[in-house]
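A.B. asks: here is my input, please return the structure:
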Amino acid sequence: MSTQADAHVDKVRRNYDDRVGQWQTIYSGQTFHDHVIQRRMDRCLEAVDHLGPVDDTPGRALDVGCGAGQMALAMAERGYDVSAVDISEGMVEATTATFAEAGRTADIRTADMRDLPYEDNTFDWVSGLGAIEYLTDPGEAVEEYARVTRPGGHIVVTSPNPYRIAFALDPIGVAMGVFGPPPTGYPRQYISRSQLEGYARRAGLDTVGVLGHGVGPLQVAKKPLLPPRVSMRLSHAAETHLPLSWLSRIGANLILVARKPA
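C.D. replies: Predicted coordinates for the structure are as follows:
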């Protein structure tokens, strides 16, 4: 790992240490961004429920970039023996609190997604929601996810879509993002469907599918033109009625589901 890459990851860690409170409430928030985050987890869990564990009963699951622990807890509620890691010590503490409040236990650690502290072929499911885009080489994380996944197991990984329709509807906002400084002090990558599929191939995984979700919001110069609830209803209608192939092109986020060959 290069010194430059490590410095970038350290900026991410410090930023998320400062945003623990936001991530403890984001899954019950009322903004359009909160809605997209909520739907992202819902869609990932739909894939988990549809494809199931390697064997007949849930085995082990790992959530990478666990935030405040909502995805990890959802996996525990499905019967999986859960591990959860985050680069941010603040987020690890938040996940620990989430599990304690729910009366559940998990293996929760501070760790770098590029160097997971687990043996090869350990987990039925490895999830990484909103994580790989913070690396200079996202494929490095996908390879590490694949390493710790059991043969026949799956990974589910999300990324922001560079071709989301919101960008086409707000070119001024796009220009502001391109030419202005990153609001967090570090860039994040927008990763296309073909790139995600390429990372899966590089890691020796078979792509099951790439899903899109989150359509909108309608805005100009990053200023929303509609109330959040209206934007949420429109996004939900689009996800319900548009073909899946369209959503994988224009959705705010993409979800890669891939399987490790048995």
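A.B. asks: contacting residues for residue 28?
C.D. replies: residue 34 (CB atoms under 8 Å, 6 or more residues apart in numbering). For every residue, glycine as well, the C-beta is placed using N, CA and C.
A.B. asks: could you do residue 124 as well?
C.D. replies: Going by CB under 8 Å, 6+ apart, the list of residues near residue 124 reads 53-55, 58-61, 80, 149-150, 153-154.
A.B. asks: just the buried ones from these?
C.D. replies: 53-54, 58-61, 80, 149-150, 153-154 (16 or more other CB atoms under 10 Å).
A.B. asks: nearest to residue 17 among the contacts of residue 124?
C.D. replies: Closest to residue 17 out of these is residue 61 (24.8 Å), distances taken as CB to CB.
A.B. asks: relative to residue 48, how far out is the nearest residue in space to the closest one that is not next to it in sequence?
C.D. replies: Once flanking residues are discounted, residue 61 sits nearest to residue 80: 3.8 Å by CB to CB, 6 or more residues apart in numbering. Going from residue 80 to residue 48 by CB to CB, to the nearest Å gives 9 Å.
A.B. asks: give the residues shared as contacts by these two.
C.D. replies: Taking CB under 8 Å, 6+ apart as the criterion, residue 80 and residue 48 both touch residue 125.
A.B. asks: mean confidence (pLDDT) on the strand or helix carrying residue 166, please.
C.D. replies: Element membership for residue 166 (DSSP states H and E) is helix 165-169. Here helix 165-169 scores 77 as its mean pLDDT.
A.B. asks: so which bits of that helix are buried?
C.D. replies: Buried-residue list, helix 165-169, by 16+ other CB under 10 Å: 165-167.
A.B. asks: just stretch 81-89 next, same as before
C.D. replies: Buried-residue list, stretch 81-89, by 16+ other CB under 10 Å: 81-88.
A.B. asks: quick one on the thing from earlier: so the residue nearest to residue 61 touches residue 53, yeah?
C.D. replies: Yes: contact criterion CB atoms under 8 Å: residue 80 and residue 53 qualify, at 7.5 Å.
A.B. asks: intersection of neighbour lists for these two?
C.D. replies: Between them, residue 80 and residue 53 share these contacting residues under CB under 8 Å, 6+ apart: 59, 124-125.
A.B. asks: now flag whichever of those is closest to residue 10.
C.D. replies: The nearest member of the shared contacts of residue 80 and residue 53 to residue 10, counting by CB to CB, is residue 125 at 28.4 Å.
A.B. asks: got the contact list for that closest one?
C.D. replies: 48, 53, 61-62, 75, 80, 149, 153-156.
A.B. asks: what's the answer for residue 152, then?
C.D. replies: Applying CB under 8 Å, 6+ apart, the residues near residue 152 are 54, 259-262.
A.B. asks: where's it, which helix or strand?
C.D. replies: Assigned by DSSP H and E, residue 152 falls within strand 149-160.
A.B. asks: tell me the mean pLDDT for that strand?
C.D. replies: In this model, strand 149-160 has a mean pLDDT of 98.
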